[in-house]
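**Student:** Build the 3D model from these lines:
(one chain, ligands or ions: 1)
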Amino acid sequence: MIKQIRAQINDAKKILIISHINPDGDTLGSMCALKLAIGEKADMLIQTDPYPKMYSFLPSINEAKTFDNVQNIYDTVITVDVAAIDRVIRLGKKIFNTAKVTINFDHHKTNPNFAGYNLVNPEASSCGEVLFDYFKETKTKITKDIATCLYVAILTDTGCFRYENAKEHTFDAAKELLSTGISNVEISKKCYDSKAKEMVLLQSHCVSNTKFLCNDKVAYTKIPNSLLREFNAKNEHTDGICETIRSIDTVEIAFAAKETSNNSTKISLRSKNFDLTQITEKFSGGGHKNSAGCTINLPLDDAVETLIAEIKKYEKNL
Ligand SMILES: [Mn+2]
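**Tutor:** All right, here's what the predicted structure looks like:
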C-alpha cells in the first residue's frame with residue numbers, strides 16, 4: 001500500500017490535504033508535515049476556523065485554506081487523522097467525493113477505510129507516527145520543520161508520552177525527530193504553557209462543577225453555551241477539561257458534555273482502562289480506547305441522561 005500511495009502522490013497534479021473538524025495537534029501536525037514533504041502542488045484545508053491558536057507555530061500552517069478560499073480544483077485528496085468521512089464536512093466532503101484519487105492516513109481502529117487508498121495503523125500512537133513510518137519507508141527526507149510537525153502530532157496524541165499508545169516504536173520515532181535539532185522543551189511550552197486566559201478560567205469553572213457517579217468512578221461536567229459567553233471563551237477552549245477530570249484518583253470514566261445547539265450535544269470521553277469505543281459506537285461516534293467522542297442529537301441535559309444510562313450498563317466492569 002505504501003508504494004501505491006507514493007505513486008499516486010507522485011502522479012497527482014493538485015493535492016488537497018484535509019484535517020478533521022475541531023482540529024487537534026495530531027491532525028494539524030500531520031497535515032503540515034505532509035504538505036512540507038510534498039511541496040508546492042499540495043494545499044491544506046482547515047475545516048474549523050479559527051483553529052486552536054497554540055498551533056499557529058506549526059511550520060506552513062499559515063498557508064492553509066479555509067472554506068472561504070478553497071476551490072474544487074483537486075484531482076487527489078488526502079485525509080489525515082480523519083477517523084470517519086463525516087469528520088470531513090461541507091465543501092471538503094464534496095471535494096473528497098469528486099476527487100479521482102483519495103488517500104486516508106490514520107490510526108483510529110474504528111476507521112472504515114473510506115478512501116481509495118488507506119494507510120491505517122491502529123498500533124500507531126498518532127497519525128504523525130503513521131506518517132513518520134511512511135516517510136521512512138519512502139526515504140522522504142525529514143527536515144527540521146517536518147520533524148517539528150510530527151513531534152507535535154505524537155506529543156499531543158500521547159498526552160506527552162503518558163498514554164498506552166506510546167510504545168517503544170513511538171519513542172524511537174521521537175528520538176529520531178529530536179535528532180534533527182528540534183527542541184522538545186520549546187515545543188512542549190508552545191503546546192502546554194501557552195493557553196489563553198479565558199481557557200484556563202473556563203476550565204477551572206467546569207472542573208469545579210464536576211458531578212460524580214458510581215462511587216466516584218464516573219465524573220462529568222456540562223458546558224452550556226451560556227458558559228462560553230460568560231467566560232468570553234471559544235469552543236476550542238474546552239479541550240483538556242476531560243483529562244483534568246480523569247486525573248482524579250477514583251475516576252475511571254470522565255466526560256464533558258458541550259452544548260452545540262438546542263438539539264445537539266458534543267460528548268468527549270476519557271478513561272483510564274475502560275474501552276470507550278463500546279459506548280461511542282452506540283451513538284455513531286468513534287475514537288480510541290481511552291479517548292473517544294460522539295454527538296448526541298438531544299438537548300444538553302437529555303443527552304447527559306442518555307449517556308449516563310448507557311455508561312451505567314458497564315458499572316460492574318469499572
Ligand atoms: Mn490522532
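
**Student:** Pull the contacting residues for the residue of the stretch 151-300 of the chain found nearest the ion.
**Tutor:** Nearest residue of the stretch 151-300 of the chain to the ion: Asp157, at 4.5 Å (C-beta to the ion). C-beta coordinates here come from the backbone N, C-alpha and C atoms, glycine included. For Asp157, the contacting residues are 24-26, 125-128, 165, by C-beta atoms under 8 Å, 6 or more residues apart in numbering.

**Student:** If we only consider the residues you listed, which is nearest to the ion?
**Tutor:** The nearest one, if we look at the contacts of Asp157 relative to the ion and count by C-beta to the ion, is Asp26, at 3.5 Å.

**Student:** Am I right that the closest one falls within a helix?
**Tutor:** Yes - for Asp26, which was evaluated using DSSP: H, G, I helix; E, B strand; the rest coil, the result is membership in a helix.

**Student:** Glu243: neighbour count?
**Tutor:** Counted with other C-beta atoms under 10 Å, the neighbours of Glu243 add up to 16.

**Student:** Now do the same contact list for it.
**Tutor:** Glu243 makes contact with 159, 254, 270, according to C-beta under 8 Å, 6+ apart.

**Student:** give me that answer again for 10 Å
**Tutor:** The neighbours of Glu243, taking C-beta atoms under 10 Å, 6 or more residues apart in numbering as the test, are 159, 162, 203, 254, 256, 268, 270, 291.

**Student:** With Tyr163 instead?
**Tutor:** Listed by C-beta under 10 Å, 6+ apart, the contact set of Tyr163 reads 125, 157, 170, 270, 272, 288-291.

**Student:** Now the phi/psi pair for Ala83, please.
**Tutor:** With angles defined as degrees, to the nearest 10, Ala83 sits at phi -70, psi -30.

**Student:** Now it. Nearest residue, chain neighbours left out?
**Tutor:** Once flanking residues are discounted, Ala83 sits nearest to His108: 3.8 Å by C-beta to C-beta, 6 or more residues apart in numbering.

**Student:** host element of the one you found?
**Tutor:** In the assignment (DSSP states H and E), His108 maps to no helix and no strand.

**Student:** That one contacts Ala292, correct?
**Tutor:** Yes - checked against C-beta atoms under 10 Å, the pair His108 and Ala292 is within contact range at 9.4 Å.

**Student:** Same drill for the two, tell me which one is more crowded.
**Tutor:** For His108 against Ala292, the residue with the higher neighbour count under other C-beta under 10 Å is Ala292, and the figures read 25 against 21.
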